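Q: Give me the fold of what follows.
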Amino acid sequence: MPCNVSLTESCLASLYYVPETPTTLEQSASLFRVNSNSVNRTVNGFAVAIDCSCPIGHSEFTWHTDYKVQHGDTWESISEKFGSFVVEKNDKTLIESQTITIDLLCGCSKGVEVVSYRVERGDTLFTICSRFNTNVEVTAELNKLDSRRFIHAGDVIFIPESESEESIVSSFNSNRATVFPYDEVCDATSNFSRSLKIGQGSYGSVYLGKLRGNIELIGYAAGGDSLFLIYELAQNGALSDHLYNRVVRGYKPLCWTTRVQIALDAAKGLEYIHLHTKPYFIHRDVKSSNILLDSGFRAKIADFGLVKLLEHSPDVGTAASRIVGTFGYLAPEYVRDGRVNTKSDVYSFGVVLMELLTGQPALSRDASPETVQYVEHRSLVEYMAPLVQGLCRR
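A: Numbering: from 1, shown residues only. I've put the predicted structure just below:
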């Protein structure tokens, strides 16, 4: 960030550092030559508290730090190690174990604390500001960006944060999944015993496990070549089982009021990911088997394996590289044009609503003329009445 000594000569700032390889907090503190108390772990990196200033002879705010040269180090490798935070390279020959001073980019702005962030592949200004819970326009102005699109992987941009360092770190970690050790997941599932396997989806298997005496923990674990997602247990299973497999499962018929509540819960879940998250999301696989019921028959939408992120208005949508989802639930426009938006999910929800009201599956193998005539020539009320008669009120 360009110096502006008329406003401020120095400030407390932060570097958001994402190491290329797994690194401990102590190793990161050693790399930046700071006390470990100045480093806080974030979800995928570290927040390093620094004293940012505008030294004589410099046109940009920088932070001086010492670095002990390692075997095989070059100026290029040092620059790669610190990312694009290094201000300049030096042609001087490096000697192993010598201590050199390097300048790292930082920023100061009156009234706010500034985080130096290196742009990662796939980042946009919108997604970065969403991650830091800060304003896009203010960030663009701070970085003198003419267009929100003109940022590139490796660039350093400055994120305004008016809260304290603790708040910065909490914003990195808020609403993030818990990371469970792989060994703990193995223990919880008896090494992924077949007896504990309770489902199979297009993106993996579902196992029942108990972690740390709780069932409402949500997180993930990694082991070998696999990634394991940890969900809370939905005691009453999938909606589809209550509609089509209830005799096999031993379920009672769903009451009318329960069906209405399930529909409302699912609708609210979709509304949340469509309108109240940043970035916005499209589920792309809304169906009765992906709506889970808890002990009180409250519905929750599950299986976000096909979710699509939207950087702009949810109504605009985005082009899909391929058609994904489940036939019977796909919006005709999505299949025809390959363009997906929130209305695609709403169409799928409409199919689920039809299943709840009629008890009939989205796709039926029975294409007899009698069935077609029965569906076409009876009103919805006439069709539903026999289905809900005699059902208890829950």
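
Q: Let me see the domain layout of the protein.
A: Split into domains by the TED database, the chain comes to 9-160, 170-230, 237-379.

Q: Mean pLDDT and distance to residue 2 for those - can I get that in TSV?
A: In this view, the C-beta of every residue, glycine as well, is placed from N, C-alpha and C. Shown next, in TSV, are the domains of the chain (pLDDT from 0 to 100; distance: least, Cβ to Cβ, whole Å):
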stretch	mean pLDDT	distance to residue 2
domain 9-160	78	6
domain 170-230	65	26
domain 237-379	80	28
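
Q: now the helices: where do they sit in the stretch 1-150 of the chain?
A: 25-31, 75-81, 125-132, 136-142 (DSSP state H, counting those that start in this stretch).

Q: now those helices as TSV including mean neighbour count?
A: Output for those, formatted as TSV (neighbours: other Cβ atoms under 10 Å):
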stretch	mean neighbour count
helix 25-31	15
helix 75-81	14
helix 125-132	18
helix 136-142	16
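
Q: Nearest to residue 337, out of the ones you listed?
A: helix 125-132 (24.2 Å; Cβ to Cβ).

Q: Tell me the helices and strands packed up against the closest one.
A: strand 113-118, helix 136-142, strand 156-161, helix 165-173 (3 or more Cβ pairs under 8 Å, 6 or more residues apart in numbering; DSSP states H and E).

Q: Go through the protein and flag its longest helix.
A: Using DSSP state H to define each element, the chain has its longest helix at helix 256-275.

Q: With just CA atoms, put it into PDB.
A: Coordinates of each C-alpha in helix 256-275 appear next as PDB, following Å, rounded to 0.1, in the frame of the first residue of the first chain:
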ATOM      1  CA  TRP A 256     -50.800 -34.100   7.100                       C
ATOM      2  CA  THR A 257     -49.400 -31.400   9.500                       C
ATOM      3  CA  THR A 258     -46.100 -33.200   9.500                       C
ATOM      4  CA  ARG A 259     -45.900 -33.100   5.800                       C
ATOM      5  CA  VAL A 260     -46.700 -29.400   5.700                       C
ATOM      6  CA  GLN A 261     -44.000 -28.800   8.300                       C
ATOM      7  CA  ILE A 262     -41.400 -30.800   6.300                       C
ATOM      8  CA  ALA A 263     -42.200 -28.700   3.200                       C
ATOM      9  CA  LEU A 264     -41.800 -25.500   5.200                       C
ATOM     10  CA  ASP A 265     -38.500 -26.600   6.700                       C
ATOM     11  CA  ALA A 266     -37.100 -27.500   3.300                       C
ATOM     12  CA  ALA A 267     -38.300 -24.300   1.700                       C
ATOM     13  CA  LYS A 268     -36.600 -22.300   4.500                       C
ATOM     14  CA  GLY A 269     -33.400 -24.200   4.000                       C
ATOM     15  CA  LEU A 270     -33.400 -23.400   0.300                       C
ATOM     16  CA  GLU A 271     -34.200 -19.800   1.000                       C
ATOM     17  CA  TYR A 272     -31.200 -19.600   3.400                       C
ATOM     18  CA  ILE A 273     -28.600 -20.800   0.800                       C
ATOM     19  CA  HIS A 274     -30.200 -18.800  -2.000                       C
ATOM     20  CA  LEU A 275     -30.500 -15.400  -0.200                       C
END
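
Q: Give me the buried positions along it.
A: By 16 or more other Cβ atoms under 10 Å, the buried positions in helix 256-275 come out as 256, 258-259, 261-263, 265-267, 269-270, 273-274.

Q: swap in stretch 336-347?
A: Quick answer for stretch 336-347 (16+ other Cβ under 10 Å): 340, 341, 342, 343, 344, 345, 347.

Q: Report the contact partners of the last one.
A: What that stands for is residue 347. 329, 330, 331, 334 (Cβ atoms under 8 Å, 6 or more residues apart in numbering).

Q: for those residues, which one is nearest residue 157?
A: Nearest to residue 157 among these, counting by Cβ to Cβ, is residue 334 at 34.9 Å.

Q: So that closest one sits against residue 342, correct?
A: No. Contact criterion Cβ atoms under 8 Å: residue 334 and residue 342 do not qualify, at 11.4 Å.

Q: Name the residues contacting each of these two.
A: Counting by Cβ under 8 Å, 6+ apart, residue 334 and residue 342 have no common neighbour.

Q: mind listing what residue 267 touches?
A: Residue 267 neighbours (Cβ under 8 Å, 6+ apart): residue 349.

Q: Please tell me how far it sits from residue 51.
A: Residue 267 sits 51 Å away from residue 51, taking Cβ to Cβ, to the nearest Å as the criterion.

Q: Count the neighbours of residue 18 for me.
A: 14 (other Cβ atoms under 10 Å).

Q: cool, residue 36 as well?
A: 13.

Q: for residue 70, same thing?
A: The burial count for residue 70: 12, using other Cβ under 10 Å.

Q: Over to residue 358?
A: Residue 358 has 14 nearby residues by other Cβ under 10 Å.

Q: For it, what are phi and psi?
A: The phi/psi pair for residue 358 (degrees, to the nearest 10) reads phi -110, psi -20.

Q: same deal with the one 4 residues further on?
A: Note on residue 362: its backbone torsions stand at phi -60, psi -40 [degrees, to the nearest 10].

Q: residues touching the nearest residue to residue 193 once chain neighbours are set aside, list them.
A: Take residue 193 and drop its neighbours on the chain: the residue closest to it by Cβ to Cβ, 6 or more residues apart in numbering is residue 207, 7.9 Å away. Applying Cβ under 8 Å, 6+ apart to residue 207 gives the contacts 189, 192, 193, 196, 197, 198.

Q: Quick one, which of those residues are buried?
A: Buried, going by 16+ other Cβ under 10 Å: residue 189, out of the contacts of residue 207.

Q: returning to what we had before: now the domains of the chain in a markdown table, with distance to residue 3?
A: A markdown table is the format used below for the domains of the chain (distance: least, Cβ to Cβ, whole Å):
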| stretch | distance to residue 3 |
| --- | --- |
| domain 9-160 | 4 |
| domain 170-230 | 27 |
| domain 237-379 | 33 |
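
Q: hang on, the earlier thing: and the contacts of residue 347, which of them are in helices?
A: Reading helices off the contacts of residue 347 with DSSP H, I get residue 334.

Q: re earlier: just put the helices of the stretch 1-150 of the chain in TSV and tack on distance to residue 246.
A: Listed next are the helices of the stretch 1-150 of the chain as TSV, based on distance: least, Cβ to Cβ, whole Å:
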stretch	distance to residue 246
helix 25-31	52
helix 75-81	59
helix 125-132	42
helix 136-142	49
